[in-house]
Every structure is written in C-alpha cells, then in structure tokens.
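A.B. asks: Here's my sequence, what's the structure:
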Amino acid sequence: EIKDNTAPTIDAHHDLTLSTNIPMDYYHPQHGQIYCGANINLPEAYVHDNCYDDVDVTINIQDLYGNPVDFVDGNGGYAQVPQGHYIAIYEAKDDCYNSSKDTIHVWVQDLTPPVPVCDNNTVVSLNNHDGTHVYVSTFDEGSYDDCQLSRVVGRRMNSNVDTCDCPVGLYGFHYLGRYD
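C.D. replies: Residues are numbered from 1 along each chain as shown. So this is what the prediction gives:
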C-alpha cells in the first residue's frame, strides 16, 4: 500500500502592522467595547505538497487569548478585525488529511491622527473676578477621528508664538494635535 504521510509545507511570510480603516462596534470578551477596526488583506502563503497540486488553505484569526475573531476560507483574503494584536493561523491540508500550520502576528493600530476643524478667530470676554468658561463647542466645527476622539482640549493662543505647547501633564498631550 502506498500512503501519503507527509504534510504540505506552508510559509505565511511575515508579520503585518496595519492602520485602522473602518468604524466598527465590537465587544471583546477581555477588553470591552472597541469602536475601530480594519478590513485587512491577508497575503497568500507559499504552499507546497509532494503529492497534490490542490491543497486547501484556511486562515483562523484569533486574539492573544485564543478567542476567534474572523476566518478566511482560502489562501489569503480579506478579514475584518478590531483594533488590537492578533495571531493569524494559516493551515494547509492535502487530500490525505495531512496538515501543517504557520502563524503570523497582525497588529491593527490607529496610525491616522485626528482632524481638527476649528474657528479661525474667536473672541472671549474676560472679567477681573472669576474668569469665564468657554466650552469646546465654541471652537470645534466638526473635528473627527476614525477611532473616536478621546478628548478635545483648547487653550489661549498667543499671536506671537509659532507652537502651541501644552502644560506638562495635560492628559498626555505634548502639543495640541499630538497625544502619547
């Protein structure tokens, strides 16, 4: 009897880091609600089998806790995942049910900065006693971010200053527009 006991070889290439590109409303069992994600194009893996030209390939995408996130039935293709760190497990099976796996890491990060849309000139009257309150809606004319704005801050601008440094410790902002 001649029998194929050798699994196909599979090479899923390299890890991926991608930017978010779609809004989504996803509940993660460990991290809670996530509102931002990506439609990712997983590359084809290199697959070779000694006996068969036709090898079935599937891709299981899991979070780091082993929870399934998406599935691709084929060698490469599109999947939707929320922002985060994932493992894509490529599995190749031949007609004799021999199989082998290879994994890559996929990071989906918000790499797109928010877009501020503000009034060019706003005049606020001050008094000598207790100051005044100016709300963000006074300045904001539709600022947005693909992954939701975490906060909007404003401060007095001096007309003779080119940069707008924030006080140290202002919610992680170093200057308006960049947040660490």
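
A.B. asks: Give me the phi and psi for T138.
C.D. replies: Main-chain dihedrals, T138, degrees, to the nearest 10: phi -70, psi -40.

A.B. asks: List the contacts of H85.
C.D. replies: The contact partners of H85, taken as CB atoms under 8 Å, 6 or more residues apart in numbering, are 63-64, 105-108. (Glycine included, C-beta is placed from N, CA and C.)

A.B. asks: do V152 as well
C.D. replies: 136, 140, 143.

A.B. asks: would you list the residues you listed in TSV and tack on pLDDT, neighbour count and secondary structure?
C.D. replies: Shown next, in TSV, are the contacts of V152 (pLDDT from 0 to 100; neighbours: other CB atoms under 10 Å; DSSP: H, G, I helix; E, B strand; the rest coil):
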residue	pLDDT	neighbour count	secondary structure
V136	77	12	helix
D140	79	16	strand
S143	79	14	coil
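
A.B. asks: nearest to H48, of these?
C.D. replies: The shortest approach to H48 among the contacts of V152 belongs to S143, at 51.4 Å (CB to CB).

A.B. asks: Isn't the closest one up against L149?
C.D. replies: Yes: at 6.5 Å, S143 counts as touching L149 under the criterion of CB atoms under 8 Å.

A.B. asks: one step back: any idea which of the contacts of V152 is closest to N120?
C.D. replies: D140 (12.9 Å).

A.B. asks: How about the closest one: what's its closest non-neighbour residue?
C.D. replies: Distance criterion CB to CB, 6 or more residues apart in numbering; nearest residue to D140, sequence neighbours excluded, is V152 at 5.9 Å.

A.B. asks: quick one: the one you found from N98, how far?
C.D. replies: 57 Å (CB to CB, to the nearest Å).

A.B. asks: cool, D70 as well?
C.D. replies: Distance, D70 to N98, using CB to CB: 25 Å.

A.B. asks: ditto for N41
C.D. replies: According to CB to CB, N41 and N98 sit 28 Å apart.

A.B. asks: Mind checking which of those two has more residues around it?
C.D. replies: N98 (18 against 12; other CB atoms under 10 Å).
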